[in-house]
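Just to be clear, the model below is a prediction. Sequence and coordinates:
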Amino acid sequence: MLGKIWNYFIPSTTIETELTKELSTLSLSGTLYIKKIGENLGQISEECSIILTVLNEQKFQYNLNIHNDDYVEGSDIWEHMQFHITNDLHFKVFKNTSGNDCLMWQRSLTFFVFEIFRDENIVKTFPIFIDKLAELITSNDFEIDVKTASKEETKEQYIMNYGVLDNLEKFIEDNYKNMKEEETFDDVINKMGEIKISSQKFTDICPNANNIFSSTPGSLHKYDQNTKTTNLVSNNAIFKIYETGKYSFYIVVEENDLLLIYTKIKIESNILFNFDELNVLFLSLINIGKKTKIDAYDFEMANVNELKKLKNIIAKCHYETTNMMPYEDLKPEEKKNLECINEEIDEESVIDDKDYDFEKGNEYNDESSQNKFSEQAYIHDRTFTFKENNKISMFKTDPDTDQLIHTMDLPPVLDYEGNPINISKAKMYLSDTNMILQDKNNPKTLYQYDINTGKVIDEWKNDEEILDITQQKKFDQMNDNPILYGINKNSVFILDGKESKKNKIVVKKKYKTMPNFSSIASTGYGDVAVANNQGELRLYNEIGKNPKTFFPCYSDPIRAIDTTKDGKYILATCDKYLMLIKTQVNNKNGFQKSIANENRNIKTLRLTPKDLVNYNVTFESFTPAKFDINNKNKEKYITTSIGQYMVMWSLNDINKGKLDKYKIKSVNEYIINNVNKFNKDQTVITMSNKLRIQNQKN
């Protein structure tokens with residue numbers, strides 16, 4: 001049920017205005033429910049808060065923001081949702097049988113019901129909140145400022161008041177016939193399953209579809225997973241893009257105006273462009289009952305200009321479907337950044353001409369307790385594996401055989417009161433003698449754990465949760481520098497482990513909006529990159545001040561980042577692809593001066609559609625990708641994993657534009673995480689009950 005909720009997420013980039021200040025005082029608290037046609041009303045959060053925000057007052061863009069107060073970092077429940085405020089949401093207010101005020105809205109045939117708490121202040125705020133919501137809808141629909149909208153009598157019609165609803169589910173079901181008219185083309189497609197192709201036109205199925213791209217005749221090929229061959233489907237096909245609704249686009253391939261393929265453009269489509277062979281490669285995903293039929297195709301275009309035009313249109317489609325915002329609202333330089341992805345070749349940055357590949361791997365089996373993740377010490381080459389039983393196992397590697405040797409189990413990790421810590425993340429600290437641990441159940445506290453004594457020696461208690469931390473400089477775990485950098489949803493800060501007080505935060509840059517930060521990484525010089533769940537990236541040379549470079553939204557949430565030690569490249573991990581972003585352009589360093597309007601060297605790294613089909617990882621996500629780690633030479637390759645497969649890209653190949661040239665290797669079990677060793681071409685792979693030393697060779 002909750003999977004679809006994330007489709008309603010809209011990034012927030014609020015600006016400070018009088019309206020913003022006014023809306024910030026109208027927060028409501030309550031319980032959120034969801035209702036779908038044919039399903040019972042279900043509670044999805046017992047306690048959450050709801051506010052109105054401004055995206056762009058001049059463009060009449062406003063959001064309804066919901067934060068789940070039950071959310072705990074690391075849990076699999078949803079954290080927050082945002083809805084773009086328009087009359088299409090069909091807002092309604094009513095009282096339930098308990099006498100509590102409720103706000104209801106819908107997205108297609110899915111209904112959300114927010115029941116406010118029976119608190120005196122909240123009850124008083126509710127009618128003010130609703131009145132302001134109506135003004136925002138009026139402002140949006142009439143494209144007038146909010147002050148003018150407040151005088152419009154028509155705003156009263158935008159939010160229907162139903163008094164008391166004694167049976168909400170019956171009310172929704174009874175109005176199903178009218179609501180069905182709101183059904184989208186996507187709903188129709190999902191109910192139909194696979195359409196019988198080669199006998200009808202796409203526009204017969206969706207008469208209102210708007211054709212925004214049509215190629216000249218080209219060749220369509222389909223990959224056969226059984227024979228491992230690519231076969232010709234048609235040498236006289238037309239590749240088209242149709243807009244079927246707001247922020248909804250389909251790839252359609254036809255021959256003589258009759259369907260050959262149709263598939264919705266989404267992140268799982270994994271669309272790739274091969275300019276050497278003039279191909280566009282993609283996945284077709286069609287829902288048939290409870291299963292999804294997945295096929296890999298490639299289409300050969302007639303010329304390079306046509307392929308470039310298609311690439312730009314796909315960038316627009318992907319941005320709009322992901323962000324649910326108009327592509328045209330982007331600034332020209334922001335559009336240019338998106339459209340230039342994967343275009344420039346960076347020959348000057350070629351490291352060497354060696355071809356890196358996976359070699360042998362040695363495994364250590366351990367059935368004592370399930371592994372959660374591993375971390376790597378650099379000075380003495382020790383691997384620490386964190387277990388579900390709250391223990392930490394320590395391993396060394398035999399230099400002659402590359403076999404992992406279990407040296408000891410550290411005592412269970414307990415806080416000062418003797419309570420077990422549910423370790424979710426760890427960073428090596430103070431010359432690899434300590435670790436800084438994060439507790440999944442207590443995100444506001446960091447625990448300094450001494451490896452020699454096997455005890456927590458300090459608890460860093462903070463006022464706000466901490467989402468991620470990193471050393472001040474990339475290799476600082478090898479020295480006694482006590483400084484760490486950290487983030488939460490709307491702050492970047494410095495922590496000093498030598499502070500005598502429990503709260504170690506000494507410098508903080510807090511944002512008034514909610515950037516929704518997700519990951520932080522530092523370079524060898526102490527510059528800092530911070531990513532967020534809107535796909536944005538900020539580059540700092542000093543914490544506490546504004547970033548020198550702000551890269552706008554690249555569409556998808558960034559889950560993790562890494563940097564080269566010289567800071568020249570940032571590696572961002574999204575669920576379905578990686579991004580390699582160059583930070584030095586035209587002799588300018590993005591950590592020192594803004595290059596947001598000049599950066600044209602961004603590469604996206606994906607598995608090819610046929611490999612996604614072959615290895616059955618279409619719906620898997622990448623683990624945090626890492627550069628190889630050494631303090632002598634430049635980084636040479638990138639490693640990550642997806643499902644049970646290790647994947648490696650050579651930086652030499654990437655910089656030459658060979659983005660689909662990578663190595664992939666199965667380890668036969670699902671990979672939890674992987675960490676690279678220091679000054680060695682080796683990766684430690686963590687599985688549920690196994691560890692593996694994976695060698696890289698050239």
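Received the coordinates, thanks.

List the backbone torsions phi and psi for residue 118.
phi -80, psi 70 (degrees, to the nearest 10).

Could you tell me the end-to-end distance of stretch 70-82?
17 Å (CA to CA, to the nearest Å).

mind giving me the domain ranges of the chain?
What automatic domain parsing lists as the domains of the chain is 2-182, 185-329, 347-697.

Please identify the longest strand in the protein, counting by residues.
Using DSSP state E, we find that the single longest strand of the chain is strand 229-245.

Can you show me the CA trace of that one as CSV?
Provided in CSV are the C-alpha atoms of strand 229-245 (Å, rounded to 0.1, in the frame of the first residue of the first chain):
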residue,chain,number,x,y,z
THR,A,229,20.8,-12.9,-28.6
THR,A,230,19.3,-9.7,-29.9
ASN,A,231,16.8,-10.2,-32.6
LEU,A,232,15.2,-7.8,-35.2
VAL,A,233,11.6,-7.0,-34.6
SER,A,234,11.1,-4.4,-37.3
ASN,A,235,13.4,-2.4,-39.6
ASN,A,236,10.6,0.1,-40.4
ALA,A,237,9.6,1.2,-36.9
ILE,A,238,8.8,4.7,-35.6
PHE,A,239,10.0,5.6,-32.0
LYS,A,240,7.5,8.0,-30.3
ILE,A,241,7.0,9.7,-27.0
TYR,A,242,3.5,10.4,-25.9
GLU,A,243,2.3,12.6,-23.0
THR,A,244,-0.7,10.9,-21.5
GLY,A,245,-1.4,13.2,-18.6
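
Which helix or strand lies directly C-terminal to that strand?
strand 248-255 (DSSP states H and E).

Show me what that following strand packs onto, helices and strands only.
helix 202-205, strand 229-245, strand 258-264, helix 304-323 (3 or more CB pairs under 8 Å, 6 or more residues apart in numbering; DSSP states H and E). C-beta coordinates here come from the backbone N, C-alpha and C atoms, glycine included.

do you know which of these lies nearest residue 277?
Checking the helices and strands packed on strand 248-255 against residue 277 by CB to CB gives helix 304-323 as the closest, at 9.8 Å.

Pull out the buried residues from that closest one.
Residues of helix 304-323 classed as buried: 306-307, 310-311, 313-323 (neighbour count, 16 or more other CB atoms under 10 Å).

Pick the most buried one from the domains of the chain.
domain 347-697 (a mean of 18; mean count of other CB atoms under 10 Å).

quick check, distance from that one to the centre of its chain.
How far domain 347-697 lies from its chain's middle: 16 Å, per CA atoms, centre = their mean, to the nearest Å.

Dump the helices and strands packed on strand 248-255 to TSV, plus mean pLDDT.
Putting the helices and strands packed on strand 248-255 into TSV (pLDDT from 0 to 100) gives the following:
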stretch	mean pLDDT
helix 202-205	85
strand 229-245	95
strand 258-264	91
helix 304-323	92
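
would a markdown table of these with distance to residue 221 be doable?
As requested, the helices and strands packed on strand 248-255 are arranged in a markdown table below (distance: least, CB to CB, whole Å):
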| stretch | distance to residue 221 |
| --- | --- |
| helix 202-205 | 20 |
| strand 229-245 | 5 |
| strand 258-264 | 11 |
| helix 304-323 | 15 |
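
Indicate which one of the ones you listed is closest to residue 62.
helix 304-323 (15.2 Å).

Correct me if wrong: residue 676 contacts residue 694.
No - at 9.8 Å, residue 676 does not count as touching residue 694 under the criterion of CB atoms under 8 Å.

what do these two both touch?
Here residue 676 and residue 694 have 682-684 as joint contacts, going by CB atoms under 8 Å, 6 or more residues apart in numbering.

Of those, just say which sits nearest to residue 138.
Among the shared contacts of residue 676 and residue 694, and counting by CB to CB, the member closest to residue 138 is residue 683, at 57.2 Å.

Just give the closest residue to the closest one, not the sequence neighbours.
Among residues not flanking residue 683 along the chain, residue 694 sits closest, at 4.6 Å (CB to CB, 6 or more residues apart in numbering).

got the residue ranges for the helices in the stretch 301-450 of the chain?
304-323, 332-339 (DSSP state H, counting those that start in this stretch).

what residues are up against the nearest residue to residue 405 once chain neighbours are set aside?
Distance criterion CB to CB, 6+ apart; nearest residue to residue 405, sequence neighbours excluded, is residue 396 at 5.3 Å. The contact partners of residue 396, by CB under 8 Å, 6+ apart, come to 380-383, 404-405, 407.

okay, among the residues you listed, which ones form the most distant pair?
Maximum distance among the contacts of residue 396 (CB to CB): 14.5 Å, for 380 and 404.

before we move on, back to that, of the shared contacts of residue 676 and residue 694, which belong to strands?
Applying DSSP E to the shared contacts of residue 676 and residue 694, the entries found in strands are 682-684.

which SS class is the residue nearest to residue 683?
The three-state label given to residue 694 by DSSP: H, G, I helix; E, B strand; the rest coil is strand.

correct me, but it touches residue 363?
No - between residue 694 and residue 363 there is no contact under CB under 8 Å: 9.6 Å.

Mind naming the longest helix for this protein?
Taking DSSP state H as the criterion, the chain has its longest helix at helix 120-142.

Below-threshold pLDDT in the stretch 51-200 of the chain: ranges please.
Where the stretch 51-200 of the chain drops to pLDDT under 70, the residues are 58-59, 73-76, 108-109, 153-154, 175-184, 187-199.

Which parts of it are strands?
Using DSSP state E, counting those that start in this stretch, the strands of the stretch 51-200 of the chain run over 61-68, 80-84, 92-95, 101-107, 110-116, 160-164.

hmm, who's touching the longest one?
Under the contact criterion CB under 8 Å, 6+ apart, strand 61-68 has outside partners 10, 12, 14, 32, 45, 48-55, 77-85, 89, 105, 114, 133, 136, 139-140, 325, 329, 514.

residues making contact with the host helix or strand of residue 212?
Using DSSP H and E, residue 212 falls within strand 210-214. Here strand 210-214 makes contact (CB under 8 Å, 6+ apart) with 238-244, 249, 309-310, 313.

Using PDB, list the CA coordinates for that strand.
Provided in PDB are the C-alpha atoms of strand 210-214 (Å, rounded to 0.1, in the frame of the first residue of the first chain):
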ATOM      1  CA  ASN A 210      -0.100  14.200 -27.100                       C
ATOM      2  CA  ASN A 211       2.700  13.100 -29.400                       C
ATOM      3  CA  ILE A 212       5.800  15.100 -28.400                       C
ATOM      4  CA  PHE A 213       8.400  13.100 -30.400                       C
ATOM      5  CA  SER A 214       8.500  11.000 -33.500                       C
END
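
Determine how far that strand lies from the middle of the whole chain.
29 Å.

Okay, now the sheet partners of it, with direction.
strand 229-245 (antiparallel) (DSSP bridges).

hang on, isn't residue 285 packed against residue 294?
Yes - using CB under 8 Å, residue 285 is in contact with residue 294, at 5.6 Å.

what's the overlap in contacts for those two?
residue 618.

Can you tell me which residue is spatially central in this structure?
Closest residue to the average C-alpha location of the chain: residue 557 at 2.3 Å, with CA atoms, centre = their mean.

Name the nearest residue to residue 32, ignoring sequence neighbours.
Per CB to CB, 6+ apart, closest to residue 32 is residue 45, 4.5 Å.

sec struct for that neighbour, please.
Assignment for residue 45 (three-state DSSP): strand.

Hmm, residue 31 and it touching each other?
Yes - Residue 45 lies in contact with residue 31 (CB under 8 Å); the separation is 6.7 Å.

now the angle between strand 258-264 and the longest strand of the chain, please.
With axes from the mean of the first three to the mean of the last three CA atoms, to 10 degrees defining the directions, strand 229-245 sits at 70 degrees from strand 258-264.
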